[in-house]
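**Student:** quick one, what's the 3D model for this:
(2 chains, ligands or ions: 5)
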Amino acid sequence: MKNREKLLRDKSRELLEKKEVDFIIGYVWGRDKKRVCPAFIKSVEEVENLVWNPMCVNNLTLYYTRKYSDVRAMGRPAIVVKGCDARCINVLIQEGQLKREDVILLAMPCEGVAYRQELYKGELTIENASPKCAVCDVNNPPLYDYVVGEKVDGNTLKASKSIYDEIGKLDETSQKDKWDFWAGHFKRCIRCYACRQVCPLCYCERCIADKNSPQWIDTSRSLQSNFAWNMVRAFHLVGRCTFCGECDRACPVDIPLNLLNQKLSLTVKENFEYRAGYDGEGHPPLIVFSPDDKENFIK
Amino acid sequence: MKDNLILKKEALQKLIDDLLKDGVRVVAPVRAGRLVEYAPIKNHSEMVRDYINPRNAFKEFLFPQTEPIAEYRALKKGVELDGVLPKALSTVVIGSRPCDAACTASLRSVFTWGADDDPERYSDDFFTKRDTQTTVISIACLKGDEDCFCTTVGIRPDGEDGSDILLKETVKDNFMVFPSTDKGKDFIKANKKFFVNGGEDLKEIEYPQVIKGIEVDAVKRRLKKTDIFDDPVWEALAGKCIGCGACTFSCPTCHCFDIVDELSGYEGRRQKNWDACQLEYFTLHASGHNPRNIQPKRWRNRFLCKFHIYPTKFSSTGCVGCGRCIRVCPVGLDITEVMEELSADTK
Ligand code: SF4
Ligand code: SF4
Ligand code: SF4
Ligand code: SF4
Ligand code: SF4
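**Tutor:** Numbers count the residues shown, from 1 in each chain, chains lettered A, B, ... in the order given. Ligands and ions are numbered 1, 2, ... in the order given. Purely as a prediction, here's the structure:
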């Protein structure tokens, strides 16, 4: 880990010195090393602040979406990405949000990150790792300009069960139980939109939740409008969500958004043999029409 | 210490159940998954004791996230409009923390302007009715977590401000009782069968450390300078902010709201909903211009609100150091790091 951190700093320094990039979007320690935070590194002097460890949870590709005019104005970035983060770059390319050459990807071979930073106490285990890491198949990033350090031996977390088992269990419950399960969670939603803000693929110029003439989704905190909000967001991510897990991590009231989004990802995989973000070609299935689409749902 | 009032552990439980029997809404910290939150309880057993600070502020029981203020119906001719009176249930908050209690004064100063005899006095009916109907019984913290910083902003984990009654834990797991308002004293009188006289040793309180580099007065001085608006500190420290409402919606002193009409069919309601200065459209003008067009400017507002606007306009505290905004922030933006930066810069 330490070595990879050093290699990351070396490469970043080189990129800045050679003016190949204008700044680095990476991770640094907060005060007293309590937590790791995203940072924009603009000078060679600051490069020493860059860190790499299992607390590097954020998906930094977020900062180069069109929501961040101020970050984009800083020029061309090198972004420190894990494999799962790099998948978002692929989707952003597919959706015309980025050109591949707009960004330099400093790709980190990765054996996992903590589910939430405070759970990490110096050792990453299957208990404190993010659920996405248990099922990760992009430990060696599929997309990169520079791979930082040696490749890793794939997924070493050896999970005995995964989020897909949880989804399977939920699938088996009755419709009423499913309703109660989600109603119980959604009624706690405080409509802070952290899930949306943290998602690199929620880049709409004006989110439907913010449109007020007409008001598509009530802003009141009620079960009805909370359902509307959470379902609309989930639908807008179908076939696009890369399971970076950021929305689930960011939710301050602990709504299991991974369960919802990954259920939909599974559905897309079953019906379209498609998984988002593995390459920058083509388009996510739900934003294109194909004469080969199955129509067996029309009864 | 002999002639103090004691509330025995079992008596607290009986008191809660007694209040519930009388139809009082009792709000207490309860377990909610991995979190603890303030919620109305139905039985004393729901209340937890091993918590630092619940994820929400009990503010939402004085100033709910969503509340109707009027109802309307579209008729064949014209519209019929009725004001909605605030529903203020008789409420007792048990187990609030002193930092949260301290924020009640801050909320009062926003929702009630001017002295009692001031003809210009403004008083928000909704907030004030709930406030008068609510008794706050706090339990002094034995310790904080690594994000608590009350002592840095001049609040004590055993402070009485804002509480009607403060309870301090004794070594026998009972509580020493310190009423600090008339409301608190009346509450004890009305429920005197639950309290006994006595003296017990208090459990030791581990005060959160005052953050060395921070001097709140220096921060306030710095914020008074007009050039603060364009200080590079905002971009440097808040450039990573992603503009969600997690911090503001968790903060006990944030008080901004929006008024919206929500129609279904021919009937609708005018609702008062929490709003947040961190959200992109908070300051969007009808012209399309947005004076706070990027996130660091929005974050600057949040900080100015806490450490400049509150103290100068309302002479009250804008931040009680509860640490919630730090705990919930998806990008680890720590308000105390900004306080420290601005403390250093007092030229
Ligand atoms: S999902 Fe894979 S690439 Fe992403 S953090 Fe986990 S192990 Fe690393
Ligand atoms: S929906 Fe959640 S998991 Fe999916 S890409 Fe967005 S933030 Fe990541
Ligand atoms: S982050 Fe959680 S609480 Fe906030 S809007 Fe999303 S689902 Fe609701
Ligand atoms: S600004 Fe943060 S620490 Fe201060 S009162 Fe609000 S939530 Fe608590
Ligand atoms: S400071 Fe953190 S919690 Fe607050 S709006 Fe910014 S990102 Fe969200």
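
**Student:** show me where chain A has its strands.
**Tutor:** A:23-29, A:36-41, A:77-81, A:104-107, A:146-147 (DSSP state E).

**Student:** out of those strands, nearest to ligand 2?
**Tutor:** With CB to the nearest ligand atom as the measure, strand A:77-81 is the member of these nearest ligand 2 (13.2 Å). C-betas here are computed from N, CA, C, even on glycine.

**Student:** now stretch B:41-52, how far from the chain's geometric center?
**Tutor:** 19 Å (CA atoms, centre = their mean, to the nearest Å).

**Student:** would you mark the buried spots in it?
**Tutor:** Using 16 or more other CB atoms under 10 Å in any protein chain shown as the burial criterion, the residues of stretch B:41-52 that qualify are B:41, B:44, B:47, B:51-52.

**Student:** filter those residues down to just the ones in helices.
**Tutor:** Taking DSSP state H as the definition of helices, those contribute nothing to them.

**Student:** quick check: the two most widely separated of these?
**Tutor:** With CB to CB as the measure, no two of the buried residues of stretch B:41-52 lie farther apart than B:44 and B:52, at 20.7 Å.

**Student:** tell me the strands beside the helix or strand of chain B with the lowest mean pLDDT, with direction?
**Tutor:** Among the helices and strands of chain B, strand B:112-113 carries the lowest confidence by mean pLDDT, DSSP states H and E, at a mean of 86. Applying DSSP bridges, strand B:112-113 is found paired with strand B:122-123 (antiparallel).

**Student:** what about the partner strand, average pLDDT?
**Tutor:** Averaging pLDDT along strand B:122-123 gives 90.

**Student:** any stretches of the chain with poor pLDDT?
**Tutor:** This is for chain A. Residue ranges of chain A with pLDDT under 70: A:1-2.

**Student:** my bad, the chain I had in mind was chain B
**Tutor:** For chain B, the stretches with pLDDT under 70 are B:1-2, B:345-347.

**Student:** repeat that for 80
**Tutor:** Per-residue confidence for chain B (pLDDT under 80) gives these ranges: B:1-3, B:114-116, B:315, B:345-347.

**Student:** what ranges does it have for its helices?
**Tutor:** So, for chain B - with DSSP H - the helices run B:9-21, B:98-111, B:125-133, B:182-190, B:216-224, B:232-238, B:246-250, B:295-304, B:324-328, B:335-344.

**Student:** buried deepest among those helices, which one?
**Tutor:** helix B:246-250 (a mean of 26; mean count of other CB atoms under 10 Å in any protein chain shown).

**Student:** touching ligand 3 at all, it?
**Tutor:** No. Against ligand 3, helix B:246-250 shows no contacts by CB under 6 Å from any ligand atom, the least distance being 6.7 Å.

**Student:** next: stretch B:50-59.
**Tutor:** No. Counting by CB under 6 Å from any ligand atom, no contacts exist between stretch B:50-59 and ligand 3, the nearest distance being 10.7 Å.

**Student:** any residues touching that stretch, and which ones?
**Tutor:** Residues outside stretch B:50-59 that contact it (CB atoms under 8 Å, 6 or more residues apart in numbering or on different chains): A:190, A:252-253, B:27, B:29, B:32, B:35-38, B:93, B:95-97, B:99-100, B:103, B:107, B:136, B:141, B:143-145, B:148, B:250-253, B:322-324, B:327-328.

**Student:** what is the burial count for residue A:75?
**Tutor:** Counted with other CB atoms under 10 Å in any protein chain shown, the neighbours of residue A:75 add up to 11.

**Student:** any idea how far it lies from residue A:102?
**Tutor:** Going from residue A:75 to residue A:102 by CB to CB, to the nearest Å gives 10 Å.

**Student:** cool, residue A:199 as well?
**Tutor:** Residue A:199 is 19 Å from residue A:102, by CB to CB.
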